[in-house]
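Undergrad: Attaching a predicted model along with its sequence, questions to come.
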Amino acid sequence: MEKIDPGSSEIEQEVLGALAAARGHFVYESGHHGDLWLDLDALFVDARRARGWAAALAQRAAGCRPEIVVGPLTGGAFLAQLMAAEMGAKFVFAERGVSEEGAVRYRIPAPMRGAVSGRRGLLVDDAVNAGSALRSTLADLMDCGAELAGLASLLASRPAGLALGDAPPARDDAASQIARQHGVPFFTLVSLKRGLWAPETCPLCASGAPLGRP
């Protein structure tokens, strides 16, 4: 596993120092192909350090004034709970399930759904790539009658060659696309470059690069 070159800020260096990543040819949960794989399991091992990252992200998102913070299991839920504590908000999580047809869906458990209805919700994930977990959790959040206040993640990916402030094509930046669609802000601490393609347009497939997973 390679370490990605750290950014300029101290908090970027901390997050990236705890992260392992690999470059290659991978299939994501959304079905998209990409050239970056992130190993996120180690991010929350040091709970005190993770709490500091959550506090920094919560400070950036404070203007959303969320009443509840929601995250998909596992990493998104860990981060959402820490941020909820920092923001004085309630917390719920969404569980991952797979249908008989193989479709992945995230759903807030029945005992928690009543706590979401009518509240301003901040949707949080540990990392956003193609955005499938974020979209599925958002769909269920809206089904519960919540109002989306904003989106946040520790890490987000952007198309290679674009600066963080650039406006890429909508399909190339999942988190920003979702935020624009719903008219809410998106907050992140670290941005990483990656390639992301539909399987039929994947240049790695065209070049014969084998699919793999670290």
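TA: Thanks, I have the structure now.
Undergrad: Can you list the low-confidence ranges for this structure?
TA: Applying pLDDT under 70 to the chain flags the ranges 1-8, 159-173, 213-214.
Undergrad: where do the strands sit along it?
TA: Here the chain has its strands, by DSSP state E, at 20-27, 33-39, 68-72, 90-98, 104-107, 120-128, 147-159, 186-194, 196-197.
Undergrad: The shortest one: how far from the chain's middle?
TA: Okay, so that is strand 196-197. Using C-alpha atoms, centre = their mean, to the nearest Å, the distance from the centre of strand 196-197 to the centre of the chain it belongs to is 16 Å.
Undergrad: what packs against it?
TA: With contacts taken as 3 or more C-beta pairs under 8 Å, 6 or more residues apart in numbering; DSSP states H and E, strand 196-197 sits against strand 33-39. C-beta here means a position set from N, CA and C on the backbone, and glycine is covered the same way.
Undergrad: Packing partners of the strand it packs on?
TA: Judged by 3+ C-beta pairs under 8 Å, 6+ apart, the packing partners of strand 33-39 are strand 20-27, strand 186-194, strand 196-197, helix 203-206.
Undergrad: Tell me which of the strands of the chain is the most buried.
TA: Per residue and on average, the most neighbours among the strands of the chain fall to strand 68-72, with a mean of 29 (mean count of other C-beta atoms under 10 Å).
Undergrad: Note down every partner strand of it and its orientation.
TA: strand 90-98 (parallel), strand 120-128 (parallel) (DSSP bridges).
Undergrad: closest to Thr137 out of these?
TA: strand 90-98 (4.4 Å; C-beta to C-beta).
Undergrad: List the contacts of that closest one.
TA: With contact meaning C-beta atoms under 8 Å, 6 or more residues apart in numbering, strand 90-98 is reached by 67-73, 76-77, 80-81, 84-85, 104-109, 112, 115-116, 119, 133, 136-137, 140-141.
Undergrad: try stretch 20-34
TA: 1-4, 35-39, 42, 104, 129-133, 192, 194-199, 202, 204-205, 209-214.
Undergrad: rerun that using 7 Å as the cut-off
TA: Stretch 20-34 is contacted by residues 1-4, 35-39, 42, 104, 129-130, 132-133, 194-199, 202, 204-205, 209-214 when judged by C-beta atoms under 7 Å, 6 or more residues apart in numbering.
Undergrad: what do you get for stretch 42-61?
TA: 11, 14-15, 18-20, 75, 78-79, 82-83, 86-87, 122, 126, 150, 152, 154, 187, 189.
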